[in-house]
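1. Here is the input, now give the coordinates:
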Amino acid sequence: MSSASALAGLWQLAGLPGEALDFAELAGSDPVLPSSFAVGAAAQSTIAAAALAACELGHLRGAPRQQVSVDMMHAALECIGWFSIDGRVPDPWDKFSGLYRCADGWVRVHANFPHHRDGALKLLGLEPAAADRAMAEQAMLSWNAIDFESAAAASGLVATALRSFEAWDASPQGAAIASQPLFTMDRIGDAPPLALPPLRAEQRPLEGIRVLDLTRILAGPVGGRALAAYGADVMLVNSPHLPNIEAIADTSRGKRSAHVDLRTAQGRADMDLLLEGAYVFIQGYRPGGLAALGYGPREAAGRRPGLVYVSLSAYGTQGPWATRRGFDSLVQTAMGFNLAEARAFGSDTPRPLPMQILDEATGCLIAMTAAAALHRQQREGGSWHVQLSLAQTGQWLRELGRVEGGPSAARPSMQPYLETVRSGWGELAGVRHSAQLSRTPAAWVRPSMPPGSHPPRWD
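-> Below you'll find the predicted structure:
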């Protein structure tokens with residue numbers, strides 16, 4: 001499937017005006033990175049969808065439509081998520097994260113957070129303070145893959161067995177994912193159209209749109225960052241007691257960054273004030289986590305009628321894995337991508353895709369659907385709940401088809417696409433945004449700052 005066809009499909013599912021597609025210009029074709037999957041088309045079409053949806057909302061607010069151009073090579077390299085801080089390129093993986101051989105196949109463990117790492121090591125019968133990678137690899141050999149996956153899930157940990165596409169499709173969760181659309185957009189309450197600030201032609205299309213970003217890893221932050229590039233006032237809200245990964249420096253470009261502890265009365269009061277002025281609320285916590293604290297979609301919309309509430313999960317809202325934690329690397333492994341990619345490269349060792357494309361594409365879809373739902377809210381009123389998952393994005397990626405000659409593609413240099421800016425973390429180098437807006441260029445005006453750098457207030 002071409003990028004243009006993929007974009008048209010996303011646009012139709014979002015219910016946006018078809019004539020706006022004439023303003024999209026997509027250059028390049030797969031392969032742009034070494035992969036048998038259409039990762040370039042996935043990156044390009046979702047980034048274009050996010051930018052075009054922002055511009056369409058700007059058009060609804062009175063601004064003329066403008067051209068949105070996305071080069072596939074630039075889009076794919078942006079989705080690699082490369083960055084450096086003061087010249088240092090952080091390692092994205094803990095030493096215990098990754099693939100492990102087991103008695104009957106392979107298991108992938110995600111250990112970037114200390115509590116996930118320590119839990120996995122204890123499940124293997126190891127003392128976390130004394131264990132090393134070799135010990136973990138030896139211990140895993142006594143487990144069957146599905147047994148370890150199930151035991152990890154029962155303990156609230158994150159690990160998945162390696163499957164083929166055929167095995168995934170035959171599983172209850174695979175069937176549940178295949179039966180769902182890429183995303184859903186449901187009306188969850190009555191409200192008049194929100195009064196959006198007026199927009200001048202020279203302003204970026206989302207200026208004046210306030211977005212609460214309650215996400216940490218990685219799709220949600222990418223979505224908030226895209227909205228910020230198109231002018232939204234994005235407030236990243238972290239809990240002071242939860243850990244983050246170093247990629248927060250890259251994904252916080254353009255955002256404010258505040259601490260709010262919803263376990264406290266003060267934190268709830270702060271959140272309620274923020275909600276009063278928000279138009280969009282994005283959350284990527286485990287299913288039911290925020291609802292238990294009183295900030296599920298219906299509760300939040302009750303406090304702010306007309307709100308667009310976006311929920312991100314790993315495995316969707318249906319099937320036996322609906323409440324299971326997960327990350328891009330694990331979803332790739334569980335769904336069959338790692339095995340299919342290995343076979344395409346003629347390898348016996350499972351091979352990941354060349355970037356966390358499920359995260360990156362889902363992040364762009366978050367930005368697109370937030371703008372699309374707000375566009376719908378302006379036309380119809382109501383409060384809206386958008387739901388997306390990494391696994392549904394994975395299903396969509398499969399449907400884009402395979403790329404002949406992809407494994408032999410060379411990885412290009414990122415140097416022409418990099419920019420270096422000051423940040424609260426140090427000198428931050430990263431890839432410029434790949435969506436080019438003809439009249440109001442995308443830009444991250446605010447520097448990336450550590451959590452808690454800003455007060456939890458819009459003013």
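2. hey, let's count contacts and neighbours off CA atoms from now on
-> Will do.
3. quick one, what contacts A178?
-> By CA atoms under 8 Å, 6 or more residues apart in numbering, the contact set of A178 is 169, 392, 395.
4. Apply 10 Å and report the result again.
-> For A178, the contact set (CA atoms under 10 Å, 6 or more residues apart in numbering) comprises 169, 172, 391-392, 395-396.
5. cool, and F345?
-> 34-36, 339, 351, 406-408.
6. Please identify, among those residues, the one with the most neighbours.
-> S35 (29 neighbours; other CA atoms under 10 Å).
7. gap between that one and V237?
-> 35 Å (CA to CA, to the nearest Å).
8. coming back round to it: restricted to helices, list the contacts of F345.
-> Residues of those located in helices (DSSP state H): L339.
9. Just flag the most distant two among the contacts of F345.
-> Longest distance between any two of those is 17.4 Å, between L339 and S408; criterion CA to CA.
10. which element follows the longest helix seen in the chain toward the C-terminus?
-> Longest helix of the chain, by residue count under DSSP H: helix 357-380. Sequence order places strand 383-389 as the next helix or strand after helix 357-380, per DSSP states H and E.
11. Show me what the mean pLDDT comes to for that following strand.
-> Strand 383-389 carries an average pLDDT of 98.
12. Can you list the strands that it pairs with?
-> strand 184-189 (antiparallel), strand 308-313 (parallel) (DSSP bridges).
13. For those, give me CSV that also has mean neighbour count, mean pLDDT and distance to W384.
-> Converted to CSV, the strands paired with strand 383-389 look like this (neighbours: other CA atoms under 10 Å; pLDDT from 0 to 100; distance: least, CA to CA, whole Å):
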stretch, mean neighbour count, mean pLDDT, distance to W384
strand 184-189, 17, 97, 4
strand 308-313, 27, 97, 5
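14. any chance of these in TSV, with distance to Q415 too?
-> Shown next, in TSV, are these (distance: least, CA to CA, whole Å):
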stretch	distance to Q415
strand 184-189	38
strand 308-313	32
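15. between the ones you listed, which gets nearest to N144?
-> strand 308-313 (26.4 Å).
16. tell me the angle of the closest one relative to helix 357-380?
-> If you take axes from the mean of the first three to the mean of the last three CA atoms, to 10 degrees, strand 308-313 sits at 160 degrees to helix 357-380.
17. chain center to strand 308-313, what's the gap?
-> In terms of CA atoms, centre = their mean, to the nearest Å, the centre of strand 308-313 is found 11 Å from the chain centre.
18. Now do the same for the residue most central in space within the chain: its pLDDT.
-> Nearest residue to the geometric centre of the chain (CA atoms, centre = their mean): A219, 1.3 Å. According to the prediction, A219 has pLDDT 95.
19. if I read this right, it contacts G326, doesn't it?
-> No - using CA atoms under 10 Å, A219 is not in contact with G326, being 11.8 Å away.
20. intersection of neighbour lists for these two?
-> Residues touching both A219 and G326 by CA under 10 Å, 6+ apart: 313, 390.
21. contacting residues around L274?
-> 210-212, 235, 268, 304, 456-459.
22. Where helices are concerned, which of the residues you listed count?
-> Secondary structure from DSSP H places R268 of these in helices.
23. Using a markdown table, please lay out the contacts of L274 together with pLDDT, neighbour count and distance to A161.
-> As requested, these are exported to a markdown table (pLDDT from 0 to 100; neighbours: other CA atoms under 10 Å; distance: CA to CA, whole Å):
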| residue | pLDDT | neighbour count | distance to A161 |
| --- | --- | --- | --- |
| R210 | 98 | 23 | 40 |
| V211 | 98 | 26 | 36 |
| L212 | 98 | 23 | 34 |
| M235 | 98 | 27 | 36 |
| R268 | 97 | 17 | 39 |
| R304 | 98 | 21 | 41 |
| P456 | 97 | 20 | 41 |
| R457 | 97 | 14 | 44 |
| W458 | 97 | 16 | 44 |
| D459 | 89 | 6 | 48 |
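24. Narrow the contacts of L274 to those in strands?
-> Secondary structure assignment by DSSP state E places 210-212, 235 of the contacts of L274 in strands.
25. for these, which one is nearest A153?
-> For these, the nearest to A153 is L212 (29.4 Å; CA to CA).
26. residues touching that closest one, list them.
-> Counting by CA under 10 Å, 6+ apart, the residues that L212 touches are 224, 233-237, 256, 271, 274-275, 277-283, 309.
27. Rounded mean pLDDT for stretch 407-423, please.
-> When pLDDT is averaged over stretch 407-423, the result is 96.
28. Now do the buried residues in that stretch.
-> Residues of stretch 407-423 classed as buried: 407, 417, 423 (neighbour count, 16 or more other CA atoms under 10 Å).
29. Then stretch 132-143?
-> Under the neighbour-count criterion of 16+ other CA under 10 Å, stretch 132-143 has 136-137, 139-141, 143 buried.
30. taking those one by one, which sit in helices?
-> Counting by DSSP H, the part of these found in helices is 136-137, 139-140.
31. Quick one: those residues as JSON lines, columns for distance to N244 too.
-> Shown next, in JSON lines, are these (distance: CA to CA, whole Å):
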{"residue": "A136", "distance to N244": "24"}
{"residue": "E137", "distance to N244": "26"}
{"residue": "A139", "distance to N244": "28"}
{"residue": "M140", "distance to N244": "27"}
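32. Show the pLDDT at G296.
-> pLDDT at G296 comes out at 96.
33. Run through the residues that contact it.
-> Neighbours of G296 in contact, by CA under 10 Å, 6+ apart: 283, 287-290, 302, 309, 311.
34. Can you pick out the most distant pair from the residues you listed?
-> Taking CA to CA, the two most distant members of the contacts of G296 are P287 and G302; they sit 19.3 Å apart.
35. Same drill for those two, tell me which one is more crowded.
-> Set P287 next to G302 and count neighbours by other CA under 10 Å: P287 wins out with 21 against 17.
36. so that one sits right up against Q318, yeah?
-> No - judged on CA under 10 Å, P287 makes no contact with Q318 at a distance of 11.4 Å.
37. hang on, the earlier thing: which residues does the residue nearest to the centre of the chain contact?
-> So A219 contacts 225, 251, 284, 312-313, 327-328, 356-366, 389-390 (CA under 10 Å, 6+ apart).
38. Emit the ChimeraX select command for whichever of those residues are buried.
-> Paste this into ChimeraX to select the buried members of those, with burial taken from 16+ other CA under 10 Å:
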select :225,251,284,312,313,327,328,356,357,358,359,360,361,362,363,364,365,366,389,390
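39. The stretch 1-150 of the chain: strands as residue ranges?
-> Using DSSP state E, counting those that start in this stretch, the strands of the stretch 1-150 of the chain run over 24-27, 68-71, 83-85, 98-102, 105-109.
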